[in-house]
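Trainee: build me a structure from this.
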Amino acid sequence: MPAQQVPHKLSLPDLQQLVLYTGNLMRTSLASRTKELNKQPNAELVHAVDDTLRLLMDSPGAPSYRYYTEHGLLEVPDLRQSSRIPAEDRNDVQVTAKLFYLSENTQHVYPPIHVDAAVNHLQKLLGVSTIDTFLVSFAGDHSLKNTCQAWSALETYQQQGVIGRLGVSDFSAQNIDEILTNKSIKVKPSINQINVGSCCDMPKETIEHAKRNGIELLHNSDSADILSTEELSKLLSSRAVVPKTTTVTPRWVIKYHVFVQCRSVVADKGYIVMGDAL
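Mentor: Below you'll find the model as predicted:
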């Protein structure tokens, strides 16, 4: 599907969908502000989106938007063009990703199409065919009846070799057991990422349950609702991407890291945001 190039500084077409790539935040001033940004769970994402829009709209000679007429899709590409992993370097890095389903949009229904879109967009951005570790965060009800379709989509990617390890975020022991005991699910989560807030210790029962089932526990400070409609709409309108009367609802966000294995350092981290205009 060909994209129409939209020249810099011209009036933008009305969008029905938006996909925005922040690009490599390690190449920006945000990389040196980690402690400050960690004070608010989604501060890094909000600042990254705003910085990406600023770069697009204010920098002379910045790459244009791409607009896909068929779906009314406005794409903000990786403006820094620094995220593609050379094929010869792929075995030297680990790619991890975390997909956030946002509760205000899903009403506790998690469409598997969002998994497909997130995987495809990340492959496109990084220039890779595989993702070493993939986590999923469901903002809202974690019961299997609501998450099974999304998990089934992830399971298919794992069985195809596209995804290595699969994990979940903030699952209770009961939620984990629902997956472990369900015979129709072939790929079980090997990671559970827990938000412990201001506390440094995980509950003892959580640790014991993970040990019994061979699940790795990781800390995180992410907000499950990592981006709200109000935040995204305000960011876009403040940079004149959409009129102030336009509401853009985020459907999902993916957060990714690229680690250099031999040095255990982060070479790339960033976000992809997908939203719909109302």
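Trainee: only alpha carbons, please: show stretch 181-191 as PDB.
Mentor: Coordinates of each C-alpha in stretch 181-191 appear next as PDB, following Å, rounded to 0.1, in the frame of the first residue of the first chain:
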ATOM      1  CA  THR A 181      -3.800 -25.600  34.200                       C
ATOM      2  CA  ASN A 182      -5.500 -25.000  30.900                       C
ATOM      3  CA  LYS A 183      -4.800 -27.900  28.600                       C
ATOM      4  CA  SER A 184      -5.600 -25.900  25.500                       C
ATOM      5  CA  ILE A 185      -2.700 -23.500  26.200                       C
ATOM      6  CA  LYS A 186       0.600 -25.000  25.000                       C
ATOM      7  CA  VAL A 187       3.000 -22.100  25.800                       C
ATOM      8  CA  LYS A 188       3.100 -21.000  29.400                       C
ATOM      9  CA  PRO A 189       4.400 -17.700  30.700                       C
ATOM     10  CA  SER A 190       8.000 -18.000  31.800                       C
ATOM     11  CA  ILE A 191       8.100 -14.400  33.300                       C
END
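Trainee: got the buried residues for that stretch?
Mentor: Applying a neighbour-count criterion of 16 or more other C-beta atoms under 10 Å, the buried positions in stretch 181-191 are 185, 187-189, 191. Yep, even glycine has a C-beta here, placed from its N, CA and C like the rest.
Trainee: mean confidence for that stretch?
Mentor: Within the predicted structure, the mean pLDDT of stretch 181-191 is 95.
Trainee: contacts for that stretch?
Mentor: When contacts are defined by C-beta atoms under 8 Å, 6 or more residues apart in numbering, stretch 181-191 is touched by residues 133, 135, 144, 148, 151-152, 154-155, 158-159, 165-168, 171, 176, 179-180, 214-218.
Trainee: please repeat the previous calculation with a cut-off of 7 Å.
Mentor: For stretch 181-191, contacts defined as C-beta atoms under 7 Å, 6 or more residues apart in numbering pick out 135, 144, 151, 155, 158-159, 165-168, 176, 179-180, 215-216, 218.
Trainee: you'd agree L166 is up against I131?
Mentor: No - the pair L166 / I131 is not scored as a contact, 10.0 Å apart, by C-beta atoms under 7 Å.
Trainee: between the two, who's got more neighbours?
Mentor: Neighbours around L166 and I131, counted as other C-beta atoms under 10 Å, are more numerous at I131. The numbers are 22 against 19.
Trainee: show me the shaky parts of the stretch 101-250 of the chain.
Mentor: Within the stretch 101-250 of the chain, the ranges that satisfy pLDDT under 70 run 103-108, 197-200.
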